[in-house]
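Visitor: what's the 3D shape of this:
(chains A and B)
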Amino acid sequence: MIKVSNLSKQYVERAAIDNISFEVESGEIVGFLGPNGAGKTTTLRMLTGYIPPTSGNASIGGHDVFSESIKARQKIGYMPENVPLYDDMRVREYLRFRAELKGLRGQEARQGVSEAIDLCGLKQIRRQMISSLSKGYRQRVGLADALVNNPELLILDEPTNGLDPNQIRRFRELIKQLGIRHTILISTHILSEVEMTCNRVIILNEGKIIANDKPKDLSRELRSANTISIEVKIPTETAQNLINAIPGIKKVTKEHQVEEWSHLTIRTEPGNDVRESIVHLANAQGWPLREIRTQYATLEDAFVEITQANTSNS
Amino acid sequence: MHAPKIIITIILLVIIIISIQKFLSGGTGLVILKKELKSIFYSPIAWVVMALVMLLNGFSFTAALEILRKADVDETLIGYTFSSTSFWLTYFFIFPVITMRLFSEEKKLGTIETLLTAPVQTIHLLLAKYIAALIFYFIIWLPSAMNFFLFRISSAENIDAIGSFFGAYVIISLVGIFNISIGCLASALTKNQLVAAMACFTFCMLHFLVGFILQDLPVPESWQSSLFYFSTVKHVEISISGLIDSRQFIYYLSFTILILSFTYNVLEYRKWKS
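Guide: From the prediction side, this is the model:
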């Protein structure tokens, strides 16, 4: 659906986007992550044909976004950051205008508008002025606008920005529901959202793609994934020495000690599960062991680790 | 008419016809035009402007009648109406007011992004906005024509100045066509409506008074007399006397096309930045 190859955007003093390539297949929901200023919005604007790339190509459904801009744009429903809307129009009037702008006429337009209104839950406010809407409703009007001509691809730039937790949850449900019919590229920095809705994550930092994977795989590769924490009732030094002797263990650190119980964090080589060996050791030594657990890395850990590692390297 | 003038006129007409045809094709232009007209006439600004212009027109019409009543003069009613102070006042504030919000508001709200990422060609957007402003302009001037009709019906004496009447409205239309394109350009250049209005006002006024302003400046004599040809004051004067001159058509229409093409490039400017 989306094909980006060697795309770059050079501003006078810096490269906003530096030679990125990625593809999005039909039917995927892809999360576009990155710290502020990483180049997410710039990339999305290039995909929608709003600004041209300095070099490289991007195509939507086989149409180049620059040379066949109109055809490419017909396939996209785009919701820009901060959802710009005309304050002096009513909700349904605005959606009708947008539908006609996107080439729908008469009955078709009416149907598109009423479907978008139903889908985004705008029925009660369809006659209200846009200027009187709350942030949450403005966001939904923006989404309804993106959906109104039933495009194959939805590009949403920080759609949950400024929503309250309930609204975010509802929005997430909506995205999941839309994912059945549409390909979705969604830029955000709310990670739980990506974890729950997206099939794939692209992480962008300082204009470069630094990760492009499934959310689960992404966190599995991390350092923090290979961490086990245990609680045993023996002096910390003894435990540290004996556990260090087990093959595949990198480091044992003491977290804290409550009465006689020592809490230890054990870091292992990637892909090496040492839990069984530790239990054997405890049994052989006769240590009372009351907790042993693997720490799962969240996407948040992955995000922080990947973006910070890259920033400090450069 | 000389041969070159005919050729230039034909070229201009062809350009105008092509752009109208281009505008009508695809239909998105008409959709935007409809929306623009709606937002002009749904807002109070339109009605306030129309009311004020009617008031000023009333003043200039009454003043002209007063002059005719008092003395034996050789000018027509129309000539006096369109050279009164109230008429110039209208002329100066009307263009910035009509055009200032056209593009700058879209830029400020950010809706220019949603507009231009929809399958809309920039030329359609430009022409739709321009034509909407032009229609508003014509509607503003309609009531003033009514004054003359009413006068014709109600007065016993038949003052026949049909040439003067047509001349006046032809030059008002031409000047409007040109000055609104300047307003479009000013509005496309900034997201601040006030800056757009000031820029439009300044350029319209400079163009209007170009001959007069230069009289006070250290400019060579020969320049002054040639630059006087550009001045709108001069054109209005000629036209109101009932002489409809093809040179004015060519002048205003060709400059309008030039300014609109600048505006197009300003709107497309973001695509140049590398």
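
Visitor: For residue B:113, which non-adjacent residue is closest in space?
Guide: Residue nearest to residue B:113 in three dimensions, not counting chain neighbours: residue A:80, with 5.1 Å by C-beta to C-beta, 6 or more residues apart in numbering or on different chains. Where you see a C-beta, it was placed from the backbone N, CA and C, and this is true even at glycine.

Visitor: Name the helix or strand for the closest residue to chain B within chain A, please.
Guide: As assessed by C-beta to the nearest C-beta, chain B sits closest to residue A:84 within chain A, at 3.3 Å. Assigned by DSSP states H and E, residue A:84 belongs to no helix or strand.

Visitor: Per-residue pLDDT of the closest residue to it other than its chain neighbours, please?
Guide: Among residues not flanking residue A:84 along the chain, residue B:110 sits closest, at 3.3 Å (C-beta to C-beta, 6+ apart). Note for residue B:110: predicted pLDDT of 91.

Visitor: For residue B:110, grab the count of nearby residues.
Guide: Residue B:110 has 16 neighbouring residues, counting by other C-beta atoms under 10 Å in any protein chain shown.

Visitor: With the one 10 residues further on instead?
Guide: The local packing of residue B:120 (other C-beta under 10 Å) involves 22 other residues.

Visitor: re earlier: which ones are touching the residue of chain A closest to chain B?
Guide: Contacts here follow C-beta atoms under 8 Å, 6 or more residues apart in numbering or on different chains; on that basis residue A:84 touches B:109-111, B:113-114.

Visitor: give me that answer again for 10 Å
Guide: A:138, A:142, B:106-115 (C-beta atoms under 10 Å, 6 or more residues apart in numbering or on different chains).

Visitor: Now tabulate those in JSON lines and tack on secondary structure.
Guide: Output for the contacts of residue A:84, formatted as JSON lines (DSSP: H, G, I helix; E, B strand; the rest coil):
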{"residue": "A:138", "secondary structure": "helix"}
{"residue": "A:142", "secondary structure": "helix"}
{"residue": "B:106", "secondary structure": "helix"}
{"residue": "B:107", "secondary structure": "helix"}
{"residue": "B:108", "secondary structure": "helix"}
{"residue": "B:109", "secondary structure": "helix"}
{"residue": "B:110", "secondary structure": "coil"}
{"residue": "B:111", "secondary structure": "helix"}
{"residue": "B:112", "secondary structure": "helix"}
{"residue": "B:113", "secondary structure": "helix"}
{"residue": "B:114", "secondary structure": "helix"}
{"residue": "B:115", "secondary structure": "helix"}
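
Visitor: any idea which of these is closest to residue B:19?
Guide: If you rank the contacts of residue A:84 by distance to residue B:19 using C-beta to C-beta, residue B:115 comes first, at 19.3 Å.

Visitor: and stretch A:167-186, does that touch chain B?
Guide: No - shown here: stretch A:167-186 not in contact with chain B (C-beta under 10 Å from any C-beta of the partner chain), separated by at least 13.6 Å.

Visitor: I'd like the mean pLDDT over the host helix or strand of residue A:115, please.
Guide: Using DSSP H and E, residue A:115 maps to helix A:106-119. Averaged across helix A:106-119, the pLDDT comes to 92.
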